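Novice: This is a predicted model, with the sequence first.
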Amino acid sequence: MAALRRGGTTARPRWRYRGHGPEHMIHTKGEFEELARSRRPDDLERLRRDAVSWEAAIAIRQSESDVRAWLVLNKSIGGDVLRRYADDDDVRVRSFVARRRAANTETLALLASDADVSVRAAVAWNPGTPAHVLDQLENDGEEIVRAAVRGARLKRLKKDNR
């Protein structure tokens, strides 16, 4: 009704993530897998934001690749867990690890030598990639990786000049 009074249209209410703040945690591999199979927006938001216990994060290594991908995209996952997923069999998982700002220098250096070009390009675009790793990628055999390095350096230069 309020939408009708204000603007004259009946806009659908926007969905909002409610609750599940930092005090909420996903404790088990099973709980995480159940959320990953769900298509409910609030469950998918929990996968992205809720903390995951160390035990669950390590146990998820044995899960299917979609579940592992959700784990490395979770905002609470730190560099120590990301390092454990840097050698995953699924290129999507490795690429997601390479994109995460939480990935540490050691992990990014490892992924800079990945066999898949998309992983190496993701390392180049990661704002946390140190200069010596970008130097290594600058000599990559694939033009797309070299272009990503040039783009990343240009973006950093623009940011530094603000």
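Specialist: Okay, I see it. Quick caveat, the model's predicted, so the values are computed rather than measured. Residues are numbered from 1 along each chain as shown.

Novice: List the buried residues for the helix ranked longest in the chain?
Specialist: Assignment by DSSP state H gives helix 143-160 as the longest helix of the chain. Within helix 143-160, the residues that count as buried by 16 or more other C-beta atoms under 10 Å are 145, 146, 148, 149, 152. Backbone N, C-alpha and C define where each C-beta goes, glycine included.

Novice: which SSE is residue 103 in?
Specialist: Following DSSP states H and E, there is no helix or strand that holds residue 103.

Novice: measure it to residue 56 for me?
Specialist: Relative to residue 56, residue 103 is positioned 20 Å away (C-beta to C-beta, to the nearest Å).

Novice: next one: residue 66
Specialist: Distance from residue 66 to residue 56, by C-beta to C-beta: 16 Å.

Novice: all strands for this protein, in order.
Specialist: Along the chain, counting by DSSP state E, strands occupy 25-26, 51-52.

Novice: about what we covered before: neighbour count winner among residue 103 and residue 56?
Specialist: Taking neighbours as other C-beta atoms under 10 Å, residue 103 and residue 56 compare with residue 103 leading, 28 against 19.

Novice: Got the confidence number for the spatially closest residue to that one that is not a sequence neighbour?
Specialist: Excluding the flanking residues, the one nearest residue 103 by C-beta to C-beta, 6 or more residues apart in numbering is residue 82, at 5.0 Å. At residue 82, the pLDDT value in this model is 97.

Novice: Name the nearest residue to the residue most central in space within the chain, ignoring sequence neighbours.
Specialist: Closest to where the C-alpha atoms of the chain average out (C-alpha atoms, centre = their mean) is residue 73, at 3.5 Å. Spatially, and ignoring its direct neighbours in sequence, residue 73 is nearest to residue 96 (5.6 Å; C-beta to C-beta, 6+ apart).
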